[in-house]
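1. Sequence first, then the predicted structure, then my questions.
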Amino acid sequence: MSTKPKPPEDYTQPVAYDADGRPLYAHPSNNVQNGAKVATQAVHMSRPIEIEQTFISDATKIKHDHSRKLYPALNLSAGEYVIVAVRRHPIGLIGPLALGLLLTTISFAVLFNFDLIAERFQLSGAAANPGIFVLPILLFVVLICLATYIAYYVYVNNRLYMTNETLIECRQSSMFSRSEHSISLGSIEDASYTQTNFIHQLIGYGTIRLSTIGDETTYTFPYVGQPKDMIDRLNTAVEAFKNGRLVN
């Protein structure tokens, strides 16, 4: 029994008519018609030129403008404002300030007691003349003061800011090197603090540790005063942000 090949379907003939009498045609689903590919027409959807902005209350605008005035270096989005600014505890300045003061004191002690030093070490000739050493000692003192100021400037400008949307860390690694890192409150997975010895607990400072969702990096901010209070406040803000409540 022979089978005859099925004749190709003619898609040029209408298969039905709509209510207005217009013909309706059938087309194959694989975009092929009579052995030829049928071009697919792309439809472009128009979108409004101006994107609808999120409503920002008057109270939020006031807080945002106040934060912009207090912290002009921060890149705050519309409706974002600073809730708390965390500065490093002064305990971390004792080391560099004490070293600078010690070296400066020794330098002036050598300068004002040079006669006794020359007599003690039996210096003679040009080596016993204090005028030769005045300028070098003064230059050394200036360098000490400059280095101490740089250490102070770098230390105090490392800060942590918590806003109603993000956690912003400002890192000052040198006199002219500064970076800013922002973490969304919704991305924070764990926030904790550590106080490793009795001195930390006695004076009241420690290190804050943060980890984010999908990121193996641990962010640390040392020398934070009253770290437990800061972590409690941060965890409350993160929970409120993730649940859509007002962060304050």
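-> Thanks, I have it. Note that this is a predicted model, so its numbers are computed, not measured. Residues are numbered from 1 along each chain as shown.

2. Next, the buried residues of stretch 220-230.
-> 221, 223-225, 227, 230 (16 or more other C-beta atoms under 10 Å). Placement of C-beta: from N, CA and C, glycine included.

3. Low-confidence bits of the chain, can you list those?
-> For the chain, the stretches with pLDDT under 70 are 1-21, 23-54.

4. what are the ranges of the strands in it?
-> 16-17, 23-24, 32-33, 36-37, 82-87, 159-163, 166-172, 178-184, 188-194, 205-212, 218-225 (DSSP state E).

5. Would you point out which residue is most central in the protein?
-> Using C-alpha atoms, centre = their mean, the residue of the chain that lies closest to the mean C-alpha position is residue 181, 1.5 Å off.

6. quick one: that one and residue 234, what's the gap?
-> Per C-beta to C-beta, to the nearest Å, residue 181 is found 16 Å from residue 234.

7. Next: residue 183.
-> With C-beta to C-beta as the criterion, residue 183 and residue 234 are 11 Å apart.

8. Next: residue 143.
-> 41 Å.

9. How about residue 87?
-> 15 Å.

10. same question, residue 184
-> 13 Å.

11. Tell me which of the two has more neighbours.
-> Remark: of residue 184 and residue 234, residue 234 carries more neighbours, 23 against 13, as counted by other C-beta atoms under 10 Å.

12. May I have the beta-bridge partners of the residue lying closest to that one once chain neighbours are set aside?
-> Leaving aside its chain neighbours, residue 234 sits nearest to residue 191 (5.0 Å; criterion: C-beta to C-beta, 6 or more residues apart in numbering). Applying DSSP bridges to residue 191 gives these bridge partners: residue 210.

13. was I right about residue 191 contacting residue 207?
-> No: at 11.9 Å, residue 191 and residue 207 do not qualify as touching, with contact defined as C-beta atoms under 8 Å.

14. If you count surrounding residues, which of these two has more?
-> Taking other C-beta under 10 Å, residue 191 and residue 207 do not tie; residue 191 has more neighbours (20 against 16).

15. Quick check: can you list the domain ranges of this protein?
-> Annotated domains of the chain cover 94-154, 179-242 [automatic domain parsing].

16. and the closest residue to residue 118 other than its chain neighbours, how many neighbours?
-> Residue nearest to residue 118 in three dimensions, not counting chain neighbours: residue 128, with 4.4 Å by C-beta to C-beta, 6+ apart. A count of neighbours around residue 128, defined by other C-beta under 10 Å, yields 15.

17. how much space is there between residue 128 and residue 67?
-> Remark: distance between residue 128 and residue 67 (C-beta to C-beta) = 63 Å.

18. max-length helix in the chain?
-> In the chain, ranked by residue count with DSSP state H as the criterion, the top helix is helix 131-156.

19. distance between that one and the chain's centre?
-> 33 Å (C-alpha atoms, centre = their mean, to the nearest Å).
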